[in-house]
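Enquirer: Got a sequence here, can you build the structure:
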Amino acid sequence: MYLTNETKAEIFAKHGKSAADTGSAEGQVALFTFRINHLTQHLKVNRHDFATERSLVKLVGKRKSLLDYLKKKDITRYRAIIAELGIRK
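Expert: Numbering: from 1, shown residues only. Now for the predicted structure:
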C-alpha cells in the first residue's frame with residue numbers, strides 16, 4: 001500500500017501543526033497532493049483506468065476548494081503551502 005499510517009503521520013507532522021492534527025487545511029492539502037501525485041503516476045502507466053481518472057478529478061476538486069478556503073481566510077498560509085508543495089495556481 002502506498003499510503004501507510006506512518007506516511008500520513010509524516011505528512012501531517014511536516015505540513016500541519018503536529019502529527020495528530022489531521023484537520024488543518026495545510027495538512028489536508030498536502031495529503032491530497034501526495035495522493036494526486038500517486039494517481040497521476042498510475043494513470044501514466046494505465047491510461048484506460050477511467051475509475052482512477054474520475055477519482056483523480058474529484059481529488060483535484062477537493063484540493064482546489066480547500067485552497068480557495070485557505071486563500072479567503074489567510075492569504076499568507078495559502079501562499080506558504082503553495083510554495084512549499086510546488087502547486088501551480
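
Enquirer: what pLDDT does the most centrally placed residue in the chain get?
Expert: Central residue of the chain (CA atoms, centre = their mean): residue 32, 2.1 Å from the mean position. With respect to pLDDT, residue 32 scores 97.

Enquirer: I'd say it and residue 56 touch.
Expert: No - with contacts counted by CB atoms under 8 Å, residue 32 stays clear of residue 56, the gap being 10.6 Å. (C-beta placed from N, C-alpha, C; glycine too.)

Enquirer: just to revisit the earlier point, how about the residue nearest to the centre of the chain, nearest residue that isn't a chain neighbour?
Expert: residue 63 (4.1 Å; CB to CB, 6 or more residues apart in numbering).

Enquirer: And for the one you found, the neighbour number?
Expert: 20 (other CB atoms under 10 Å).

Enquirer: quick one: it from residue 6, how far?
Expert: 22 Å (CB to CB, to the nearest Å).

Enquirer: Thanks again, I'm all set now.
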